[in-house]
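K.L.:
pasted the sequence and its predicted model underneath.
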Amino acid sequence: MAVLVTGGAGYIGSHTCVQLLEAGYDIVVIDNLSNSKMEAVRRVKELTGKDFAFIKGDIRDSALLDEIFRKYDIESVVHFAGLKAVGESVSVPLRYYHNNVTGSIMLFESMQRNGVKNIVFSSSATVYGMAEKMPLREDSPLGAVNPYGRTKLMIEDILRDIYVSDNSWNIILLRYFNPVGAHPSGRIGEDPNGIPNNLMPYISQVAVGKLKELSVFGNDYPTPDGTCIRDYIHVMDLADGHVKALEKLREDPGVVVYNLGTGKGSSVMEMIAAFAEATGIKIPYRITGRRPGDAPVSYADPSKAEKELGWKAKRDIIDMCRDLWTWQSQNPDGYGD
Ligand code: NAD
Ligand code: WQD
């Protein structure tokens, strides 16, 4: 029996593949490499010393998916494949709806045709929209504020509807907070295309000399130092959460939602300070205006995952910065061309 990992060449997918292989799972990976490189797959194999089938293809290719389900003995699916840039989703919404929503529907249809009814889905804290009450619990009000977030809410709803129609499905919706860091070996990590949108990859590219200075998007928020607060979570902790979720699927849980966060918020200034503490590198920065759409504060209540999955984040922001720097300094150009 194997686990099909969609989007397994990507940032979170590659780290999860390592942890699944280390936990003894057989995996099959499908990825169209639209936002990732084959080198990541090669390094997952190198790190674990294990081989697995990699299929370069799109989850919107039904014939290909059916062929994979027929050929391999797939027990469950971990579904990462999707586009994830919030700003881009505003400019090209149809690409996001088609890739993420149509792609997911085609995957679920193929699962249904082939009798595979166990899935772990990559949702996001973005589904809580501009919530004001912290910490965010799984039952906090939902409401996405951009096309990317709406694709996540739609896919969550589609999966809930599938369960209502056939309760032999088992569905785990994991809402990730802000994944950062890298495998401690520095062999795999986040390799954004072009100039990073997200804080920590931006910081590490300033540190390695590829970018001049960080723009801090606003210091007039109602927070202690005026900069936004987020719940940064080490990608290895997130990967471990997927191993726990797959174990949970074996208990026939129906549809369940879990926040994967640390429960601790850190401001932009605290992340700059943590990076300096972990690496000795001071990041030059400039305070600029607010970025439209940023919530002042967002952090999880992760207690449900601890209680029901036996999962808790173990790594702190110093670990996140150190491991990010090991990756970035050893791979200044990411996986290269
Ligand atoms: P990523 O872009 O590194 O990985 C996604 C992978 O999916 C890429 O390798 C890409 O090539 C592949 N892919 C995209 N569309 C595909 C398609 N139609 N068919 C086949 N492969 C396809 O992103 P990530 O950060 O690893 O995110 C993984 C998942 O987690 C995504 O669904 C994302 O929305 C979600 N998520 C990410 C974050 C984050 O901040 N990184 C936070 C919350 C949720
Ligand atoms: C963090 C903080 C910025 C860049 C995004 C998505 C979310 C989820 C995770 C997928 C904010 C500040 C950033 C910079 C800065 N992804 N910042 N200068 O926006 O919390 O979440 O990734 O589901 O959907 O929106 O993460 O890393 O972009 O920003 O000051 O150059 O850093 O204002 O306060 P965000 P981020």
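P.N.:
Noted; the coordinates are in hand. Ligands and ions are numbered 1, 2, ... in the order given.
K.L.:
which residues in the chain form strands?
P.N.:
2-6, 26-31, 53-56, 74-79, 118-124, 170-176, 178-180, 214-217, 229-230, 232-234, 255-260, 266-267, 285-288 (DSSP state E).
K.L.:
is ligand 1 contacted by the third one?
P.N.:
No. Contact of strand 53-56 with ligand 1 is not found when judged by CB under 6 Å from any ligand atom; the minimum separation is 8.8 Å. For the C-beta atoms, the positions are set from N, CA and C on the backbone; glycine is no exception.
K.L.:
so which elements touch that strand?
P.N.:
With contacts defined as 3 or more CB pairs under 8 Å, 6 or more residues apart in numbering; DSSP states H and E, the packing partners of strand 53-56 are strand 26-31, helix 38-48.
K.L.:
in TSV, list those along with mean neighbour count.
P.N.:
Shown next, in TSV, are those (neighbours: other CB atoms under 10 Å):
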stretch	mean neighbour count
strand 26-31	22
helix 38-48	18
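K.L.:
could you dump the ones you listed to TSV with distance to ligand 1 and mean pLDDT?
P.N.:
Converted to TSV, the helices and strands packed on strand 53-56 look like this (distance: least, CB to the nearest ligand atom, whole Å; pLDDT from 0 to 100):
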stretch	distance to ligand 1	mean pLDDT
strand 26-31	5	98
helix 38-48	8	98
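K.L.:
now these in CSV, please, with extra columns for distance to ligand 2.
P.N.:
CSV is the format used below for the helices and strands packed on strand 53-56 (distance: least, CB to the nearest ligand atom, whole Å):
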stretch, distance to ligand 2
strand 26-31, 18
helix 38-48, 19
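K.L.:
who wins for proximity to Ile68 among those?
P.N.:
Ranking the helices and strands packed on strand 53-56 by proximity to Ile68 (CB to CB) places strand 26-31 first, at 6.5 Å.
K.L.:
so which elements touch the closest one?
P.N.:
Counting contacts by 3+ CB pairs under 8 Å, 6+ apart, strand 26-31 packs against strand 2-6, helix 11-22, strand 53-56, helix 62-71.
K.L.:
hmm, try it at 6 Å
P.N.:
Applying 3 or more CB pairs under 6 Å, 6 or more residues apart in numbering; DSSP states H and E, one finds that strand 26-31 contacts strand 2-6, strand 53-56.
K.L.:
reformat the strands of the chain into CSV and put distance to Leu142 next to each item.
P.N.:
As requested, those are exported to CSV (distance: least, CB to CB, whole Å):
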stretch, distance to Leu142
strand 2-6, 23
strand 26-31, 28
strand 53-56, 33
strand 74-79, 19
strand 118-124, 10
strand 170-176, 10
strand 178-180, 18
strand 214-217, 25
strand 229-230, 19
strand 232-234, 20
strand 255-260, 10
strand 266-267, 24
strand 285-288, 30
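K.L.:
in the stretch 101-250 of the chain, which spans are helices?
P.N.:
103-113, 147-165, 199-207, 235-249 (DSSP state H, counting those that start in this stretch).
K.L.:
are the third one and ligand 1 in contact anywhere?
P.N.:
This points to helix 199-207. No. Against ligand 1, helix 199-207 shows no contacts by CB under 6 Å from any ligand atom, the least distance being 9.8 Å.
K.L.:
what sits up against that helix?
P.N.:
The contact list for helix 199-207, computed with CB atoms under 6 Å, 6 or more residues apart in numbering, reads Val180, Glu190, Pro192, Pro196, Leu211, Leu214, Phe275, Ile281, Ile283, Leu324, Gln328.
K.L.:
ok, that helix near ligand 2 or not?
P.N.:
Yes. Helix 199-207 reaches ligand 2 (CB under 6 Å from any ligand atom) through Leu199, Tyr202.
K.L.:
what does the last one give?
P.N.:
No. Applying CB under 6 Å from any ligand atom, one finds helix 235-249 out of contact with ligand 2, separated by at least 11.5 Å.
K.L.:
now find how far off-centre that helix is within its chain.
P.N.:
12 Å (CA atoms, centre = their mean, to the nearest Å).
K.L.:
buried residues, that helix. List them.
P.N.:
By neighbour count with 16 or more other CB atoms under 10 Å, helix 235-249 contains the buried residues 235-246, 248-249.
K.L.:
the first one now?
P.N.:
Buried residues in helix 103-113, defined by neighbour count with 16+ other CB under 10 Å: Gly103, Ser104, Ile105, Met106, Leu107, Phe108, Ser110, Met111.
K.L.:
just the endpoints, please. Distance across stretch 51-69?
P.N.:
Using CA to CA, to the nearest Å, one end of stretch 51-69 lies 19 Å from the other.
K.L.:
if you could redo that for stretch 119-134, that was the one I meant.
P.N.:
Termini of stretch 119-134 sit 29 Å apart (CA to CA).
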